[in-house]
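# Sequence and predicted structure below; questions after.
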Amino acid sequence: MPAEDVALAVFIALPILLGLAARAFFRRVRAARAIAPTPRRTLVAGNLLVLAFLVSILMLAGECWCRFVYDSPDSFNATRASARWFERHYRKNSDSFRDDVEYDLGPVPAGRRRVTFIGDSFTAGHGVPDVADRFANRIRAARPGWDIHVFAIDGWDTGAESDFVTQHIPEFTKGRYGFDEVVLVYCLNDICDIVPGIGELDARIQKAHEKGVLARSSYLFDMLRFLWIVSTDDEIRGYFPKVESAYTGAVWDAQKVRLRALRDFVTSHGGRLSVVTWPMLHRLGDDYPFREAHRSLDAFWQAEGVPHLDLLDTFAGRSAGALVVGRFDAHPNEEAHRVASEAMVRWLDAEMRR
């Protein structure tokens, strides 16, 4: 029997056993009360037994909810519930990318435009159960004359994205892939693979995936373990301030070199690079801390002659809570993908006519 089933059986058995124990205990207490007053220690023991019974019921309810009802990932994919969500909702095509269509990896089909999206979890649709609700698939439905490819993997950064475009695509397709409109879907943390100290943070996040016996067996204890880590680990909590400070100095200079090289490669292979930048949706508001990073990116792309759509303006005035997957997952939800897709369609229509 799997360990999780054994754990569930224990959660079910505990209230039953504790309930029977409490019933027998209080029967004896009532019988003894006819002979002598009930000692204080007996009252304390009875109260503890009732408390244990109530806690066991709460634990059973929590385990059932986490295992059978709760269906959402977390930002780091560190919980059993998150891993189960990916198993349920991620389906990949024959090219190993999340999508519900197969790709023609040859030249651009005659009479069509090809839009190649390159990105990370925001582009893959982390947190969006139905891939049809993802922005790229919405754009495909809105513009059936476009040949849309979505090359996106959760966790990719600029280095991985650039390597895929400049090395893997040419090698995998033997140089046959037709570049047309290549859209780099940029997230502010794409720079993090060259930010000093992020390697240590990645190690901390990987450590958050390590589970003891209880967490490996129980969805409830696994969730409690995760909540403890994210609420007490200062390194993980300090992730976003490191992103905010990355768009100045030597790190930003190095990032500009990589982005410029990606643009040059796409251009040299007959395509055109354009960029869509997502904001950190969970931090939207008047005190949004990443405005300078957005300004730096926009100024850079303008100087490089690369079309740039900054979605920060698109989401202005909207509630962060209405746009993210959940309390523990800051990725865009279906509504955010819908809003983004509508903005991208209008923008791509205009850019592809130029």
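Now that the structure is in, tell me what you want to look at.

# What is the helix or strand where residue 186 lies packed up against?
Using DSSP states H and E, residue 186 maps to strand 181-187. Applying 3 or more CB pairs under 8 Å, 6 or more residues apart in numbering; DSSP states H and E, we find strand 181-187 packed against strand 113-119, helix 121-124, helix 249-268, strand 272-278, helix 334-352. Placement of C-beta: from N, CA and C, glycine included.

# now the angle between helix 249-268 and it, please.
160 degrees (axes from the mean of the first three to the mean of the last three CA atoms, to 10 degrees).

# Which of the helices and strands packed on strand 181-187 sits closest to residue 146?
strand 113-119 (5.1 Å; CB to CB).

# partners of that closest one, with directions?
strand 146-152 (parallel), strand 181-187 (parallel) (DSSP bridges).

# Residues contacting it, please?
Residues from elsewhere that reach strand 113-119 (CB atoms under 8 Å, 6 or more residues apart in numbering): 108, 123, 136, 139, 145-152, 156, 161, 164-165, 178-187, 271, 348, 352.

# filter those residues to the buried ones?
108, 123, 136, 139, 146-152, 156, 161, 164-165, 178-187, 271, 348, 352 (16 or more other CB atoms under 10 Å).

# Output the longest helix belonging to this protein.
helix 3-33 (DSSP state H).

# Who are the packing partners of the following helix or strand past that helix?
Using DSSP H and E, the helix or strand that follows helix 3-33 in sequence is helix 40-64. On a contact count with 3+ CB pairs under 8 Å, 6+ apart, helix 40-64 meets helix 3-33, helix 219-232.

# make it 6 Å
Judged by 3 or more CB pairs under 6 Å, 6 or more residues apart in numbering; DSSP states H and E, helix 40-64 is in contact with helix 3-33.

# Looking at the helix it packs on now, give me its mean pLDDT.
Mean pLDDT, computed over helix 3-33, is 86.

# ditto for stretch 282-301
93.

# same deal with stretch 270-278?
Rounded mean pLDDT across stretch 270-278 is 97.

# what about the stretch 201-350 of the chain, any weak spots by pLDDT?
201-210, 233-242 (pLDDT under 70).

# Looking at the residue nearest in space to the middle of the chain now. What's its pLDDT?
Averaging the C-alpha coordinates of the chain gives a centre point, and the residue nearest to it by CA atoms, centre = their mean is residue 75 (4.1 Å). If you check residue 75, the pLDDT there is 85.

# got the contact list for residue 99?
Going by CB atoms under 6 Å, 6 or more residues apart in numbering, residue 99 touches 93, 150.

# which phi and psi does it have?
phi -170, psi 160 (degrees, to the nearest 10).

# Over to residue 128?
Per-residue torsions, residue 128: phi -100, psi 110 (degrees, to the nearest 10).

# Neighbours of it, how many?
23 (other CB atoms under 10 Å).

# In this structure it contacts residue 135, no?
No: using CB atoms under 6 Å, residue 128 is not in contact with residue 135, being 9.0 Å away.

# angle of the strand holding residue 186 against strand 272-278?
Using the same axes, to 10 degrees: strand 181-187 against strand 272-278 is 30 degrees.

# Can you list the neighbours in contact with strand 181-187?
With CB under 6 Å, 6+ apart as the test, strand 181-187 has contacts from 115-120, 122-123, 266, 271-278.

# Off-centre distance for that strand?
In terms of CA atoms, centre = their mean, to the nearest Å, the centre of strand 181-187 is set 18 Å apart from its chain centre.

# I'd like to know how far residue 132 sits from residue 120.
Counting by CB to CB, to the nearest Å, the gap from residue 132 to residue 120 is 20 Å.

# ok, back up a step: elements contacting the longest helix of the chain?
Helix 3-33 packs on helix 40-64, helix 213-217, going by 3+ CB pairs under 6 Å, 6+ apart.

# Now that helix: buried residues?
Buried residues in helix 3-33 (16+ other CB under 10 Å): 4, 7-8, 10-11, 14-15, 18.

# Please save the CA atoms from stretch 89-102 in CSV.
C-alpha atoms of stretch 89-102 as CSV (Å, rounded to 0.1, in the frame of the first residue of the first chain):
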residue,chain,number,x,y,z
HIS,A,89,-3.0,19.6,-16.1
TYR,A,90,0.3,19.6,-18.1
ARG,A,91,0.1,17.8,-21.4
LYS,A,92,3.0,18.1,-23.9
ASN,A,93,3.1,17.7,-27.6
SER,A,94,5.6,15.5,-29.4
ASP,A,95,8.2,18.4,-29.2
SER,A,96,8.0,18.2,-25.4
PHE,A,97,6.3,21.6,-24.9
ARG,A,98,3.0,22.2,-23.2
ASP,A,99,0.4,22.6,-26.0
ASP,A,100,-2.6,20.9,-27.6
VAL,A,101,-1.3,21.1,-31.2
GLU,A,102,1.7,19.7,-33.0
